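1. Any chance you could fold what I've pasted below:
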Amino acid sequence: MTAEQQLREKLRKIYALFEGATTPGERSAAAAAIERVKRSLAATEQEEPLTEVQFSMPDRWQRRLFSALCRRYGLKPYRYKRQRYTTVMLRVPRSFLDRTLWPEYLELRAALNEYLNDATERIIREEVFGDAEEAPERAD
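-> Now for the predicted structure:
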């Protein structure tokens, strides 16, 4: 299994964890789970006001991951004119953000970060130079 295949499987497992899946059969019902979460979000929007939240995400891949995750749940990320590209705005019920969206994003981000760091280090060691360690600190 390649590193990318392992990452994809890990992402599926993280998603299944957040959806409450415990068996392969439940994982195959991920589309239905997404719909349940969307319906739950719609119900929460009826009961709880939407809060506009501003996120600052320094990396392009983090912004893309977060935006894709928002869109999975039917949310629409945006930014205002003259805001930095690192900014992502979102109107979302606070409880959904705190209990579902943000924890899932953090798990997915950690998995992708590990994969990207490993891939970067491997490419540097194989194509640039075998020693890819940070520069040591000197007293003078």
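2. Okay, and the spatially most central residue of the chain sits in which element?
-> Among the residues of the chain, the one closest to the centroid is residue 105, at 3.4 Å (CA atoms, centre = their mean). Element membership of residue 105, judged by DSSP states H and E, is helix 102-123.
3. how about the helices in this structure?
-> 3-19, 24-27, 30-47, 60-72, 94-96, 102-123 (DSSP state H).
4. out of those helices, nearest to residue 53?
-> Residue 53 sits nearest to helix 94-96 of all these, at 8.0 Å, using CB to CB. C-beta: built from backbone N, CA, C; applies to glycine.
5. Would you mark the buried spots in that closest one?
-> residue 96 (16 or more other CB atoms under 10 Å).
6. tell me how far the helix holding residue 105 is from the chain's mean position?
-> When distances are taken as CA atoms, centre = their mean, to the nearest Å, helix 102-123 is centred 9 Å away from the chain's centroid.
7. got the angle for that helix vs helix 60-72?
-> 140 degrees (axes from the mean of the first three to the mean of the last three CA atoms, to 10 degrees).
8. where does the nearest residue to residue 55 once chain neighbours are set aside land on pLDDT?
-> Excluding the flanking residues, the one nearest residue 55 by CB to CB, 6 or more residues apart in numbering is residue 88, at 4.5 Å. For residue 88, the model assigns a pLDDT of 97.
9. Verify the stated contact: residue 88 with residue 80.
-> No - with contacts counted by CB atoms under 8 Å, residue 88 stays clear of residue 80, the gap being 10.9 Å.
10. Over to the nearest residue to residue 37 once chain neighbours are set aside: give its phi and psi.
-> Nearest in space to residue 37, with sequence neighbours left out and distances taken as CB to CB, 6+ apart, is residue 73 at 6.0 Å. Dihedral pair for residue 73: phi -100, psi 10, per degrees, to the nearest 10.
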